[in-house]
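J.: got a structure for you, letters missing:
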């Protein structure tokens, strides 16, 4: 199971993920960190294949080395990730010879707004989505494992929020963690560790920095 959820408002972003990552049909770990801080206010997360995720992480590290410590901007990361997913991954195969299903999310501060962009290669082909909350709007999105109905996950999110009184942004993180447990229960690839392992990051305000957390195991 590979699952990521995101929740955004105009001045807040939270990303929560489990720790499962795969190589082909084989699960290679339950404690894999699916996201990295590209900058203090820009986060890149990915589902799917561990080898592809490592390539993305290594490439971001090389960009930092080449920049000699200078902060890189949002659009540069968008261009790099979009090209990699749209072109390089189009013909990529996993170790079993199957097409790679991979979704990469960039989220954080772009100028004076908080937003997220998703780029992916799926069974349906290339996808690209934008999540940009309005003034009094909330945006919730999920990257679900194959075989898990996204509509069912959204309905469960609504069900959870109806049961929990949300007063703070920390409550939203709790809701996302409960949703992760729900997906683990309905996904055929679940494991005993899936329920125990969670990780995420949140940023408060366009002048804020992402703060990471992890729990379980």
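T.: That came in fine, so what should we check first? Keep in mind the model is a prediction, meaning the values are calculated, not measured.

J.: In what element of secondary structure is the spatially most central residue of the chain found?
T.: Among the residues of the chain, the one closest to the centroid is residue 45, at 4.0 Å (C-alpha atoms, centre = their mean). For residue 45, the host element (DSSP states H and E) is strand 42-46.

J.: for that strand, packing partners?
T.: Applying 3 or more C-beta pairs under 8 Å, 6 or more residues apart in numbering; DSSP states H and E, we find strand 42-46 packed against strand 12-17, strand 35-39, helix 50-66, helix 74-83, strand 102-110. Glycine gets a C-beta too; all of them are placed from N, C-alpha and C.

J.: what about the closest residue to residue 202 other than its chain neighbours, how many neighbours?
T.: Setting aside the residues directly before and after it, residue 202 is nearest to residue 14 in space (C-beta to C-beta, 6 or more residues apart in numbering), at 4.3 Å. Counted with other C-beta atoms under 10 Å, residues neighbouring residue 14 total 23.

J.: show me what contacts residue 14?
T.: The contact partners of residue 14, by C-beta atoms under 8 Å, 6 or more residues apart in numbering, come to 6-8, 169, 172-173, 176, 200-202.

J.: thinking again about what came up before, isn't the residue nearest to the centre of the chain up against residue 107?
T.: Yes: using C-beta atoms under 8 Å, residue 45 makes contact with residue 107 at a distance of 7.3 Å.

J.: list residues touching both of those two?
T.: residue 15.

J.: Contacts only, for residue 34.
T.: Neighbouring residues of residue 34 by C-beta under 8 Å, 6+ apart: 2, 4, 17-19, 21, 45-47, 53, 199.

J.: counting contacts, what elements does the helix or strand containing residue 180 pack onto?
T.: Taking DSSP H and E as the criterion, residue 180 maps to helix 169-186. Other elements packing on helix 169-186 under the criterion 3+ C-beta pairs under 8 Å, 6+ apart are strand 4-9, strand 12-17, helix 150-163, strand 198-204.

J.: what angle do it and helix 150-163 make?
T.: 130 degrees (axes from the mean of the first three to the mean of the last three C-alpha atoms, to 10 degrees).

J.: Residues in a beta bridge with the closest residue to residue 52 other than its chain neighbours, which ones?
T.: With C-beta to C-beta, 6+ apart as the criterion, residue 52 has its nearest non-adjacent residue at 5.2 Å, and that residue is residue 102. Beta bridges link residue 102 to residue 121, judged by DSSP bridges.

J.: burial count for residue 102?
T.: So residue 102, with other C-beta under 10 Å, has 23 neighbours.

J.: who's in contact with it?
T.: Counting by C-beta under 8 Å, 6+ apart, residue 102 makes contact with 46-49, 52-53, 85, 89, 120-121.

J.: Among the residues you listed, which one has the most neighbours?
T.: Of the contacts of residue 102, with other C-beta under 10 Å as the count, residue 46 tops at 29 neighbours.
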